[in-house]
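Q: Got a predicted model here, sequence first, then my questions.
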Amino acid sequence: MRVIAKRTLNVLAARHAQAKQAFRHWYAVASKADWGSLSDVRKEFGSADDVQVASGRWLLVFNIGGGNFRLIVGRNYQLRILFIKDLLTHAQYDTNRWKTQL
């Protein structure tokens, strides 16, 4: 998969330093993957989930860092592209405010 943009991932990792190693692992796996569906994603990240946001778009959510963080990613399976959107703590994710902002 082509991950856009690694720079965004680095900015988010700097904001949540304790997630840096989990980010590296996610990026290493995702950038080499060839996912065509959620079931493909779940072969490597079993807890990944598709979530529909207020705009009607679907985003992929990954539990990383031992479940302490949620990495939110836009996806286009046909073009094999992932778009880094945000990284939230578990508590931030649970508020669901992000669904209206992304």
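A: Received the coordinates, thanks. Numbers count the residues shown, from 1 in each chain.
Q: Could you list the single helix or strand in the protein with the lowest mean pLDDT?
A: With mean pLDDT, DSSP states H and E as the measure, the helix or strand of the chain carrying the lowest mean pLDDT is helix 6-15 (a mean of 83).
Q: contacts for that one?
A: 3, 19, 20, 23, 27, 84, 86, 87 (Cβ atoms under 8 Å, 6 or more residues apart in numbering). Placement of C-beta: from N, CA and C, glycine included.
Q: ok, and the most crowded of those?
A: residue 87 (25 neighbours; other Cβ atoms under 10 Å).
Q: Tell me where the chain has helices.
A: Ranges of helices in the chain, per DSSP state H, are 6-15, 20-30, 38-44, 90-94, 98-101.
Q: Distance from the least confident helix or strand of the chain to the middle of the chain?
A: Relative to the chain's own centre, helix 6-15 is displaced by 12 Å; criterion: Cα atoms, centre = their mean, to the nearest Å.
Q: That helix versus helix 20-30: what angle between them?
A: For helix 6-15 against helix 20-30, the angle by axes from the mean of the first three to the mean of the last three Cα atoms, to 10 degrees is 160 degrees.
Q: oh, and call the first residue 44 from now on, that's how I've got it
A: Will do, 44 is the new start, and the previous item becomes helix 49-58.
Q: Which of the residues in helix 49-58 are classified as buried?
A: 52, 55, 56 (16 or more other Cβ atoms under 10 Å).
Q: Also stretch 132-143?
A: Applying 16+ other Cβ under 10 Å to stretch 132-143 flags 136, 141 as buried.
Q: With just CA atoms, put that stretch into CSV.
A: Output of stretch 132-143 as CSV, limited to C-alpha atoms (Å, rounded to 0.1, in the frame of the first residue of the first chain):
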residue,chain,number,x,y,z
THR,A,132,-5.7,8.2,22.5
HIS,A,133,-8.3,5.6,23.4
ALA,A,134,-10.1,8.3,25.5
GLN,A,135,-10.1,10.8,22.6
TYR,A,136,-11.4,8.2,20.2
ASP,A,137,-14.2,7.2,22.5
THR,A,138,-15.7,10.7,22.5
ASN,A,139,-16.6,10.2,18.8
ARG,A,140,-16.0,13.9,18.1
TRP,A,141,-13.4,12.9,15.5
LYS,A,142,-16.2,11.5,13.4
THR,A,143,-17.5,15.0,12.6
